[in-house]
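[1] please find the sequence and the predicted model below.
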Amino acid sequence: MNRTAVRTVAAAAALAATAIALPSASATGTPASGSVALTASNAFLTSALRSGIAAVPLPTATGSYNSATGATATFPVTGGNAVLARYYGSVTLGGGIAFADALTGKIVCFHQVSLSARSQELSAVPDGGTTPVNLFEFGGDTVISNIGVKPETLTGDADIPADGAAYLDQALGTTFFTANQAVGSLSATYTPAS
């Protein structure tokens with residue numbers, strides 16, 4: 001066998017080994033799916049806007065407004081290992097969220113959004129940072145689906161935790177955000193990969 005043939009066989013073998021080692025869509029089945037929707041009530045929106053505060057979803061998250069319920073940011077599920085009913089694991093989400101203060105002119109953007117099943121908090125990493133910030137948490141009246149039900153669901157009130165409020169106030173140069181501040185509602189729908 002000449003050198004060219006040996007190199008071709010070696011390259012083909014390496015390619016075949018790589019193809020076997022990497023999971024394919026058909027080998028892994030169905031990817032995780034679902035979404036997490038954060039709805040800011042009209043009362044929260046009015047208070048925020050009067051204070052110069054606005055928040056918008058960043059791609060691949062989407063936004064909508066309903067005059068009866070408020071503004072909703074929906075984050076698509078991109079992965080995770082959560083079992084919501086057992087308070088285990090986390091759900092990774094696409095998109096991001098930006099907060100702006102019109103009075104100070106400051107903006108902070110977050111990506112790498114995730115939902116912790118254990119703490120029931122929605123966190124994200126500020127652009128340029130590495131440490132997640134707990135931006136929202138499920139408050140009272142949280143309802144979780146039974147074990148084994150697909151898709152898994154988690155719904156309840158949305159509050160801003162103390163650490164999230166402190167971070168946003170500092171980053172935006174405001175005093176608008178407070179610990180346990182009622183925002184509206186959170187709703188998670190999650191189907192694990194199979």
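    Good, I have the coordinates.

[2] any weak-confidence spans in the chain?
    Counting by pLDDT under 70, the ranges of the chain that qualify are 1-28.

[3] which residues touch the nearest residue to residue 75 once chain neighbours are set aside?
    Excluding the flanking residues, the one nearest residue 75 by C-beta to C-beta, 6 or more residues apart in numbering is residue 93, at 3.9 Å. Heads up, the C-betas are built off the backbone N, CA and C, glycines and all. By C-beta atoms under 8 Å, 6 or more residues apart in numbering, the contact list for residue 93 reads 35, 36, 61, 75, 76, 77, 78, 113, 114, 115.

[4] so the second one sits against residue 158, correct?
    No - counting by C-beta atoms under 8 Å, residue 36 does not reach residue 158; the two are 10.4 Å apart.

[5] quick one: contacts for the residue most central in space within the chain?
    With the centre of the chain defined as its mean C-alpha position, the nearest residue by C-alpha atoms, centre = their mean is residue 113, 3.3 Å away. Contacts here follow C-beta under 8 Å, 6+ apart; on that basis residue 113 touches 36, 61, 75, 92, 93, 94, 95, 96, 97, 122, 123, 124.

[6] just to revisit the earlier point, which residues do residue 36 and residue 158 both contact?
    Both residue 36 and residue 158 are contacted by residue 186, under the criterion C-beta under 8 Å, 6+ apart.

[7] how close does the residue nearest to residue 75 sit to residue 190?
    Separation of residue 93 from residue 190 (C-beta to C-beta, to the nearest Å) stands at 10 Å.

[8] what about the contacts of residue 93, which are in helices?
    When the contacts of residue 93 are checked against helices using DSSP state H, none is located there.

[9] can I get those residues in a markdown table with distance to residue 139?
    Written out in a markdown table, the entries for the contacts of residue 93 read as follows (distance: C-beta to C-beta, whole Å):
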| residue | distance to residue 139 |
| --- | --- |
| 35 | 20 |
| 36 | 15 |
| 61 | 21 |
| 75 | 18 |
| 76 | 23 |
| 77 | 22 |
| 78 | 25 |
| 113 | 19 |
| 114 | 19 |
| 115 | 15 |
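
[10] next step: these restricted to strands.
    Using DSSP state E, 35, 36, 75, 76, 77, 78, 113, 114, 115 are the members of the contacts of residue 93 that sit in strands.

[11] need the nearest residue in space to the last one, chain neighbours excluded.
    Think residue 115. For residue 115, the nearest residue in space outside its immediate sequence neighbours is residue 91; the separation is 4.4 Å by C-beta to C-beta, 6+ apart.
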